[in-house]
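Participant: next one to model:
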Amino acid sequence: RIGNGMYGNVYLDGDTAIKRCFYEGKPNGMLNLREMDVMHRLKGHPYIVNLRKVNISTPEVIKDPDDENMGKTLEKISLVMDLAPSTLQESVPTDKGFSIDDVRRIMAQILVALEYMHINRIVHRDLKPSNILLDDAGNAYLSDFGLAKIIGSTTDLTKSGNLVGTPAYVSPEQVRGETA
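Facilitator: Reported below is the predicted structural model:
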């Protein structure tokens, strides 16, 4: 396992990363399907992690001893994505930080990806260093669209006023319960 999150774990498989999303009921399953939908809508962008394929399986018993769902019978959606070897969070040089040129390049790539998302009426809602992946050349890719919102979608899986995202990274307005 190379990563984990609220709705699934990420595993290494050759040159791909596989996000295995398990769920018991409709809400988590709908979140996983929304993430798949978002990734399909954004497919092909140079700074958004590429979704190669989706596997939807029948229910299975979880056997990973490190998984909090071990022993439960759950349905699974697997998102097979291009592999980027590290996150921005893991890659910050400890001695001096990134160079100004590296910061400019990474920020420009992420801003281009966010602009593309917004043009396509999608809001990420969980932007943080661990959701920005870096390849061996230092190029940045947005990832983890599990909390993304598709503006105008008829399926809104979160209630207005609820805190959405990682608490340490949400806006002060959201913490105060204000709406945009």
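
Participant: quick one: the strands in the protein, in order.
Facilitator: Counting by DSSP state E, residue ranges of the strands within the chain are 3-4, 9-13, 16-23, 51-61, 73-82, 86-87, 122-123, 132-134, 140-142, 149-150.

Participant: show me what the first one pairs with in its sheet, parallel or antiparallel.
Facilitator: Next to strand 3-4 in the sheet, as set by DSSP bridges, lie strand 9-13 (antiparallel).

Participant: and the strand it pairs with, which residues are buried?
Facilitator: 9-11 (16 or more other CB atoms under 10 Å). Glycine gets a C-beta too; all of them are placed from N, C-alpha and C.

Participant: how about the residue most central in space within the chain: what's its closest non-neighbour residue?
Facilitator: The geometric centre of the chain, computed from its C-alpha atoms, lies nearest to Asp144 (CA atoms, centre = their mean), at 0.3 Å. Sequence neighbours aside, Asn131 is the residue nearest to Asp144 in space, at 4.3 Å (criterion: CB to CB, 6 or more residues apart in numbering).

Participant: what's the answer for Asp15, then?
Facilitator: Spatially, and ignoring its direct neighbours in sequence, Asp15 is nearest to Leu83 (5.4 Å; CB to CB, 6+ apart).

Participant: my guess is that neighbour contacts Thr16, does it?
Facilitator: Yes: under the criterion of CB atoms under 8 Å, Leu83 makes contact with Thr16 at 5.5 Å.

Participant: circling back to that earlier point, can I get the strands of the chain in CSV with mean pLDDT and distance to Tyr116?
Facilitator: Output for those, formatted as CSV (pLDDT from 0 to 100; distance: least, CB to CB, whole Å):
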stretch, mean pLDDT, distance to Tyr116
strand 3-4, 74, 23
strand 9-13, 84, 23
strand 16-23, 78, 21
strand 51-61, 81, 15
strand 73-82, 80, 17
strand 86-87, 92, 20
strand 122-123, 94, 9
strand 132-134, 95, 15
strand 140-142, 97, 9
strand 149-150, 90, 14
